[in-house]
Each structure stands twice: as C-alpha cells, then as structure tokens.
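with the sequence up front, the predicted model follows.
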Amino acid sequence: MSDLRELYQEVILDHNKQPRNFRAVDPHDHEADGYNPLCGDKIHLELRLDDSGRIEDIGFTGEGCAISTASASIMTETLKGKTVAEANALFDRFHHQVTDEASELDPSLGKLGVLAGVRDYPMRVKCATLAWHTLQAALEDRGEISTE
Amino acid sequence: MSATAPSAGPRALEVERIRADFPILQRPMNGKRLAFLDSAASAQKPQCVIDAERECYETYYANIHRGVYQLSQRSTQAYEGVRPIVQRFINAPDEREVVFVRGATEAINLVAQSFVRPMLSPGDEILITGMEHHANIVPWQLVCEATGAQLVVAPVLDDGQLDMEGLRARIGPKTRFVSVVHVSNTLGTINPVEAIISLAHEQGVPVLVDGAQSAPHMPVDVQAMGADFYCFSAHKTYGPSGAGVLWGRYEHLKDMPPYQGGGDMIRTVSFEKTTYAEPPQRFEAGTPNIAGVIAMGRGLEYIESVGREAMIAHEQGLLDYAMDRLGDIPGMRFIGTAPHKAGVVSFLLDGVHPHDMGTILDMEGVAVRVGHHCTQPLMERFEVPATVRASFGLYNDRDDVDALVDGLHRVKEFFG
Ligand SMILES: Cc1ncc(COP(=O)(O)O)c(C=O)c1O
C-alpha cells in the first residue's frame, strides 16, 4: 500500500474527514463556484479582503473527493493573511508541484506539499487544483469555473 | 437466482476459454490480475477482431466501391459482407436497412437531423426518458433549438425503472418522435421497449431504440421489438471503435434526405442538380472506416459463436453474485435496482467519494468507471454527484467480482 500512502497522506485523510474553514464567510466580498464535471466535484468559495488587500477570511462548502476536499481545506488554511499577489504566486508554485512529474518537493509550499503525490496521477490533478481555480475566479469576479 | 447458482443456459459459457481469446486480459495490471469491469464504456477485443483488422490491412486493403482492381473488389466484398452479418445479428428484414456509421452517437444524430427535424414545427414534442445517455439527449436538444419543438422527459422511479405510467401520459397529440435507451448504461435497467413502442405506435409515433448497451449483452430482434430505428456501437460489441450501425425501416430510410454530402452517397453530381444514392449508401458519405466495419463483423460473429443465450445467463449469474457480495459491504448504496437489469452495477459507499474509490481500485488491478457516465440528468435525479460503476462482459468471472469486493474492503480500511 506504499503507493497509496504516497498519494493519500495522513494529512490529506485528516483534512478530508475534518475540512477546515468548511463554512460560509459572512460578510464576504468575493465568491465563486468551481465545478469538475468529470467527477462531479462542486465547491463554493467565499472570502473577504481587508483594507490592505490581504485575505482576512476564507471558507468553502461543497462536495468532492478526498483530494479536492483536502486541497481546498489546506488552501484556505494557508491563505489567511496573504495578499492576492502572494496567493497567486503560491498557486503558480503549487501548480508546478502537482503537474510536473519530475518536480522536486518545493519546501516553500509548506503543508500544501502533501498534495505533491498527485503529480503521478494525471487524472487527479484537476481534483487538487479545483479550489485554486475557483479562488482565481472569485478574485477576478468571474463567478463560476469549470475544469473541463 | 441465488449466489451459488451456476451459469445456467442452453450451452454454458466457458469463461476460461473466452478469457484466453482476449490478449489484454493476459497482461497484469499493477502486478495483479486485471479485473476489467468497464465493458459498458468499451469492451476489450478478442484476437479474431484484432486479426480481422490486421488481415485487411496486410492482405487486401484498398478503398471500396471504386476500383476495378482486385484489391478494391475484395475490400468491397468484405465491407459489404458485414451488412448481412448485422442483418442476422439484429434480425433485420432487409440488409439495405443496415447503415454503417461511426457509432451510436452518429446514428442518433443522423435520425434526429434527417428523419425527425424535417417534420418538426414549433410546439411539437420529442419524448425521451430520464435515464438517457447524453448521446440520446443532446441531438434532440439541437433539433428542438432549431425548430422550436420541445423535449419531454419520462420520469424514472426510485429503483431505476422507467415510470411507464408517466411515459404513457407524456405521449400525446404533439408527440412526433420517441427515443429510448434499451439498457441504461448507468443503472443497468432493461426497459420494456416492446411496450413503449406499442404505446407510441398506437399514436402513430415512430421510435428509436438506443441499443448501445443491449446489442453487446442480449439477443436483439428489431422486428419482434417493432422499432423504427435501432443503433449500436461496435466498440461495445467487442469490435473496434469508430464503427457502428444504424438500422432503420426501409420505408423511412428511402424518404430521408442525406445526413452528410460527399462521395459515395450520390447517384449523379452536377453543379445544377445532384441526385442521391439509395439507402444505405445515401447515408454513408465519404470513405468509411473500412477495416473497422470488417472487424466489427468479426466481433458480432464472435458473440454469436459464444451464444447470446449463454452470454446473458452468464452475465446475469455474475450480476446476482456481485449484488449479493457488494450488498454485504456496510455502507453500500446501489443506484439502480430494477428487477429487470443487465450486468451493470452502480453504487456509492458511505463516506468515500467515487473518485477516490476508482484510484484505489485501480491500484488493486480493478478497472471500474467513476463519474456521471454521460448521464448527468440521471445523477441529479438520484441526487448524487457521481457513482462507481462495475459492468460485466462475457470474459468476466467471479474472481473479478471478488477482486472488486476485496478492493472495496481496502478502500474502507483506508478511509475507515
Ligand atoms: C446507452 C448509450 N447510448 C449511447 C452511447 C454512445 O455511444 P458512442 O460513444 O459509442 O457513440 C453510449 C456509450 O457509452 C451508451 O452507453
């Protein structure tokens, strides 16, 4: 089962069982829906920026597989207090980590690194990135995205 | 049927011999015996089908209907020789009613555009069911958009049966066409197509039966069924992808305008006026999938050689065994428990998303489909985002079901 543990690390299983920030954000100034039609994952993301443009609060609701739920949960945890520019930069590095099969583990990703195992499962990359694509849609007020 | 009942039938099917015909089943997956449980999406190919395609290219390939040289004649003969095979396979009255297409999807689009669309006016209705594959939904939406007709949907009951009362109530004076799936690819439900067709015919409404999931698994007799059109895809009947069949009554086909224009479908062409060939050529514009059609014929003969009565008994036995064994797993929820059901099992397991199950089962060498199975409205009907689907072919045996059950116990251990 070593392969499985590589993909489904303890942290992922934990965040899947008890997703953090799994709630509405009230009040919020940005929101979006993300949809992965291939597997039916749906996520609704809400967030509030403070006066200096930092993410003051962020939360999500919806239904998804363990990878997409854990990814959304860890993302919201990681992003609190970050500026939009910092969030975008993080997504770039995260995206590289989960899509480039040859990528080394990027220590600057912190807890997000537990999702690196996805890079060996091309079919699952969209699960890991759904929350992030939804975040971008929310920040750009695009309302809705679909990963297909 | 009990879990221990042997595959009864006029001639019991010998799974070991059949498995030996399929080269891909001899290859391990992740170091394990491959349990291929996704034949409803596409079936694996027996050696004879692979050989038929290769033999065509290696020994007699040329374009058909054109050359006077021998290769072209041989190719033409082999290609045209598949029409009587199909005719026998579905008991069609006339081989000119057999149109070669790319698959079920193209067949349905062809009927929608060439037969149904010209007769539609705003307010007319097309009736389908709530368990259709997207291939039997979207083509009708396209013609509705173009003509102002309405798409009407007969409901599905909680156990996955078609609501026949609901269907009856929806066939009315505005109904112009009915299109129904014979066997649901998601639920496994076998629909009472004969009864549906008589209801429609009482109102003078023609019916298309989407046979994508029935042709591979049960005897099909289009005359006994009474259908106006029937279609299937070769890749699900152990043949190659990119080939398939539309069968239609000649009385319909002969009056239908072409679906596509091009070579091979004309009688004479001039810039002023082109006249069309008779069916089936009228609907086969351009160079077709020659080797694919020839190999499709071999696939159908393969099914006949196994025997469809034996095949259906075998698959029913496996289905019963699978429902029994899966039903013992705590947290199991079946989607689709109609009494009359083919070898398709859709399910959910409490607390585990289908996608995660699919990945873990794959590591165990078990290939299942996860997702909406191209039936999103049906997923909404049952209020689930997706299901895991195991489907059986003639090469599956109890070891495959056992591997699935063991894999699911693994899943539970992991996510427990
Ligand atoms: C019931 C049903 N109808 C239509 C289709 C479409 O078949 P194809 O993609 O081969 O055209 C399928 C294939 O999954 C099916 O299961």
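Everything's here; your move. Residues are numbered from 1 along each chain as shown, chains lettered A, B, ... in the order given.

so how far is the ligand from B:Trp140?
B:Trp140 sits at a distance of 13 Å from the ligand (criterion: CB to the nearest ligand atom, to the nearest Å). Where you see a C-beta, it was placed from the backbone N, CA and C, and this is true even at glycine.

count of residues packed around that residue?
The tally of other residues near B:Trp140 (other CB atoms under 10 Å in any protein chain shown) stands at 27.

do the host helix or strand of it and chain A meet?
Element membership of B:Trp140 [criterion: DSSP states H and E] is helix B:138-147. No. Counting by CB under 8 Å from any CB of the partner chain, chain A is not contacted by helix B:138-147; separation bottoms out at 14.0 Å.

and B:Gly292, how close does it get to B:Val82?
B:Gly292 sits 10 Å away from B:Val82, going by CB to CB, to the nearest Å.

try A:Arg5
Distance, A:Arg5 to B:Val82, using CB to CB: 51 Å.

these two: who's more crowded?
Neighbour totals were compared for A:Arg5 and B:Val82, and B:Val82 leads with 26 against 12 (other CB under 10 Å).

what residues does that one make contact with?
B:Phe100, B:Val293, B:Ile294, B:Met296, B:Gly297 (CB atoms under 8 Å, 6 or more residues apart in numbering or on different chains).

that's a strand at B:Ala107, yeah?
No. According to DSSP: H, G, I helix; E, B strand; the rest coil, the state of B:Ala107 is helix, so it is not within a strand.

you'd agree it is up against B:Val101?
Yes. Using CB atoms under 8 Å, B:Ala107 is in contact with B:Val101, at 4.9 Å.

so these two - more neighbours on which side?
Shown here are B:Ala107 and B:Val101; by other CB under 10 Å, B:Ala107 has more neighbours (31 against 27).

tell me how far that one lies from B:Ala403.
35 Å.

A:Ser73 now?
In terms of CB to CB, A:Ser73 sits 32 Å off from B:Ala403.

the residue lying closest to A:Asp29 once chain neighbours are set aside: how many residues sit nearby?
Nearest non-adjacent residue to A:Asp29, counting by CB to CB, 6 or more residues apart in numbering or on different chains: A:Arg48, 5.4 Å away. Residues near A:Arg48, counting by other CB under 10 Å, number 17.

returning to what we had before: enumerate the positions of the helix holding B:Trp140 that are buried.
Using 16 or more other CB atoms under 10 Å in any protein chain shown as the test for burial, helix B:138-147 gives B:Pro139, B:Trp140, B:Val143, B:Cys144, B:Thr147.

circling back to that earlier point, keep only those of the contacts of B:Val82 that are in strands.
Per DSSP state E, strands hold the following members of the contacts of B:Val82: B:Phe100.

would you map the strands across chain A?
Listed in chain order, the strands found in chain A under DSSP E are A:30-36, A:41-49, A:55-63, A:144-146.

where do the strands sit along the stretch 151-300 of chain B?
B:175-181, B:207-210, B:229-233, B:244-248, B:266-268, B:275-276 (DSSP state E, counting those that start in this stretch).

let me have those strands in JSON lines, extended by mean neighbour count.
Shown next, in JSON lines, are the strands of the stretch 151-300 of chain B (neighbours: other CB atoms under 10 Å in any protein chain shown):
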{"stretch": "strand B:175-181", "mean neighbour count": "24"}
{"stretch": "strand B:207-210", "mean neighbour count": "27"}
{"stretch": "strand B:229-233", "mean neighbour count": "29"}
{"stretch": "strand B:244-248", "mean neighbour count": "29"}
{"stretch": "strand B:266-268", "mean neighbour count": "12"}
{"stretch": "strand B:275-276", "mean neighbour count": "14"}
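
mean pLDDT for those strands: which is lowest?
Mean pLDDT is lowest for strand B:266-268 among those, at a mean of 85.

what helices or strands is that one leaning on?
Contact here means 3 or more CB pairs under 8 Å, 6 or more residues apart in numbering or on different chains; DSSP states H and E; on that basis strand B:266-268 packs against strand B:275-276.

which residues does B:Val245 form beta bridges with?
Beta-bridge partners recorded for B:Val245 (DSSP bridges): B:Phe100, B:Phe232.

whoops, I mixed them up, B:Ala390
Bridge pairing for B:Ala390 - DSSP bridges - gives B:Val345.

per-residue confidence at it?
pLDDT at B:Ala390 comes out at 98.

for B:Thr337, which three-state class applies?
Assigned by three-state DSSP, the conformation of B:Thr337 is coil.

need the pLDDT of it.
Per the predicted model, pLDDT is 97 at B:Thr337.

returning to that earlier point: now for B:Ala107 and B:Val101: what residues contact both?
By CB under 8 Å, 6+ apart, the residues touching both B:Ala107 and B:Val101 are B:Cys231, B:Gly244, B:Val245, B:Leu246.

and A:Ser73 and B:Ala403? Which one has more around it.
Taking other CB under 10 Å, A:Ser73 and B:Ala403 do not tie; A:Ser73 has more neighbours (24 against 19).

burial of B:Ile137, as a residue count?
21.

wait, it sits on B:Thr129?
No. With contact defined as CB under 8 Å, B:Ile137 does not count as touching B:Thr129 (9.8 Å).

for chain A, see how far away B:Glu194 is.
Look at B:Glu194 and chain A: by CB to the nearest CB, to the nearest Å, they are 34 Å apart.

cool, and B:Pro280?
In terms of CB to the nearest CB, B:Pro280 sits 36 Å off from chain A.

ok, the closest residue to B:Lys341 other than its chain neighbours - contacts?
The shortest distance from B:Lys341 to any non-neighbouring residue, by CB to CB, 6+ apart, is to B:Gly188 (4.3 Å). With contact taken as CB under 8 Å, 6+ apart, B:Gly188 is in contact with B:Gly160, B:Leu319, B:Gly336, B:Ala338, B:Lys341, B:Ala342, B:Gly343, B:Val344, B:Val345, B:Ser346, B:Ser391.

read off the pLDDT value for B:Ala5.
Reading off the model, B:Ala5 has pLDDT 45.

try B:Arg11
pLDDT recorded at B:Arg11 is 62.

re earlier: can you give me phi and psi for the residue nearest to B:Lys341?
With angles defined as degrees, to the nearest 10, B:Gly188 sits at phi 80, psi -10.

how close does it sit to the ligand?
Distance from B:Gly188 to the ligand, by CB to the nearest ligand atom: 11 Å.

what distance do you get for that residue to chain A?
B:Gly188 is 20 Å from chain A, where distance means CB to the nearest CB.

which pLDDT does the model give that residue?
Looking at B:Gly188, the pLDDT reads 97.

who's in contact with the residue nearest to B:Gly166 when sequence neighbours are not counted?
The shortest distance from B:Gly166 to any non-neighbouring residue, by CB to CB, 6+ apart, is to B:Pro155 (4.5 Å). By CB under 8 Å, 6+ apart, the contact set of B:Pro155 is B:Gly130, B:Asp163, B:Gly166.
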